[in-house]
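Q: Quick one, what's the 3D model for this:
(one chain, ligands or ions: 1)
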Amino acid sequence: MSTVTTSFTEVAASNATLRAFLHGLPGVDRVGADQRAAMLGTRSIKTTAKARAIDLAISMVDLTTLEGADTPGKVRAMCAKAVHPDPGDPSVPKVAAVCVYPDLVGRAVEALGDSGVRVASVATGFPSGRTSLEVKVRDTELAVAAGADEIDMVIDRGAFLSGDYRKVFDEIVAVKAACARDAAAGKGDAHLKVILETGELATYDNVRRASWLAMIAGADFVKTSTGKVSPAATLPVTLVMLEAVRDFRDRAGRMVGVKPAGGIRTTKDAVKYLVLVNETAGEDWLTPEWFRLGASSLLNDLLMQRGKMATGRYSGPDYFTLD
Ligand SMILES: O=C[C@H](O)COP(=O)(O)O
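A: Okay, here's the model as predicted:
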């Protein structure tokens with residue numbers, strides 16, 4: 001691992017310097033990225049490796065509910081499932097985090113107690129981000145005050161696509177500052193995941209630029225999607241982001257995590273992402289600290305495949321509680 005620390009102060013000095021830097025990054029070979037992702041997606045893994053991969057994938061899930069109809073009861077049930085995904089089998093690992101709207105953070109914190117499952121909250125006018133910076137910062141502060149461990153913010157895609165990189169940068173810096181927590185709270189600052197909403201960024205070059213912009217501004221994680229826009233997470237887009245975090249570590253000496261989210265529903269898909277991580281960024285990223293799978297309904301499929309590997313048969317569809 002490189003320990004070279006590069007200051008990005010000059011890069012972030014103005015919109016012009018940010019633009020020069022971001023447009024100076026090597027372009028992404030779209031055909032090459034698609035082919036490499038497709039090739040890695042067809043790689044088969046041995047049965048023993050698959051059993052380990054399923055447990056690893058479970059431990060990386062950000063178990064998500066982001067519906068207008070979410071209730072405290074639904075969040076409580078999801079938290080119980082996050083801690084004990086299969087109450088009949090204590091060997092199943094807990095998930096990494098639950099992800100909820102800001103008004104439900106307190107309920108999740110209460111339900112999870114000291115289980116070690118983290119509470120993530122979307123903020124900053126999720127999912128569109130079309131609100132003032134003041135509102136975005138306050139949204140974040142309230143979620144952090146309620147006990148959120150992680151904030152999943154959206155970038156201003158309109159500003160990004162019109163070339164106003166400095167606006168996007170300043171918003172990320174401001175939201176990161178709002179993630180700071182008073183030392184008296186007894187836990188550290190909330191980690192910041194920056195959602196690029198890659199389905200709206202049009203090109204892989206933009207995905208690479210947005211990843212670097214977020215990392216330079218202080219993102220702890222870069223995340224593909226809100227789950228509200230199609231396409232959401234894809235393998236090639238995640239490949240581009242994994243290359244970005246790998247190259248950023250080489251240049252800045254700091255690791256940034258990656259979270260594909262939206263539309264990941266099967267064990268087969270989850271395993272493809274793990275292969276991609278291993279082959280692109282490397283095994284340092286193969287932990288819940290540095291890689292997450294944001295999903296509302298993936299966990300049940302992982303549990304069903306896990307059960308099938310252990311017993312040779314699938315449990316009935318009503319065996320697991322609904323995600
Ligand atoms: O961040 C996670 C997504 O909102 C969940 O999307 P999904 O419902 O397609 O799994």
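
Q: from here on, contacts and neighbour counts on C-alpha atoms
A: Fine.

Q: Going along the chain, name the strands of the stretch 101-250 of the chain.
A: Applying DSSP state E, counting those that start in this stretch to the stretch 101-250 of the chain gives strands spanning 118-123, 150-154, 191-195, 221-223.

Q: check contacts around the most centrally placed residue in the chain.
A: With distances taken as CA atoms, centre = their mean, Lys259 lies nearest the centre of the chain, 2.7 Å away. Shown in contact with Lys259 (CA atoms under 8 Å, 6 or more residues apart in numbering): Phe221, Val222, Lys223, Thr224, Phe291, Arg292, Leu293, Gly294.

Q: Can you name the residues of the chain that neighbour the ligand?
A: Counting by CA under 6 Å from any ligand atom, the chain comes close to the ligand at Thr64, Thr226, Gly227, Ala261, Gly262, Gly263, Ile264, Gly294, Ala295, Ser296, Ser297.

Q: Ramachandran coordinates for the closest residue to the fourth one other than its chain neighbours?
A: It refers to Ala261. With sequence-adjacent residues excluded and distances taken as CA to CA, 6 or more residues apart in numbering, Ala261 is closest to Gly294, at 4.1 Å. When read as degrees, to the nearest 10, the backbone of Gly294 gives phi -80, psi 120.

Q: so how many other residues sit close to Gly294?
A: 29 (other CA atoms under 10 Å).

Q: and it, what are its bridge partners?
A: Asp62, Ala261 (DSSP bridges).

Q: quick one: contacts for it?
A: Counting by CA under 8 Å, 6+ apart, Gly294 touches Val61, Asp62, Leu63, Thr64, Lys259, Pro260, Ala261, Gly262, Ile264.

Q: residues touching the first one, list them.
A: Listed by CA under 8 Å, 6+ apart, the contact set of Val61 reads Val95, Ala96, Ala97, Arg292, Leu293, Gly294, Ala295, Leu299.

Q: rewinding a little: out of the contacts of Lys259, which end up buried?
A: In the contacts of Lys259, burial by neighbour count holds for Phe221, Val222, Lys223, Thr224, Phe291, Arg292, Leu293, Gly294, counting by 16 or more other CA atoms under 10 Å.

Q: Got the confidence number for the closest residue to the ligand within the stretch 101-250 of the chain?
A: Of all residues in the stretch 101-250 of the chain, the one sitting closest to the ligand is Gly227 (3.9 Å; CA to the nearest ligand atom). At Gly227, the pLDDT value in this model is 96.

Q: so what's it closest to, chain neighbours aside?
A: Gly262 (4.0 Å).
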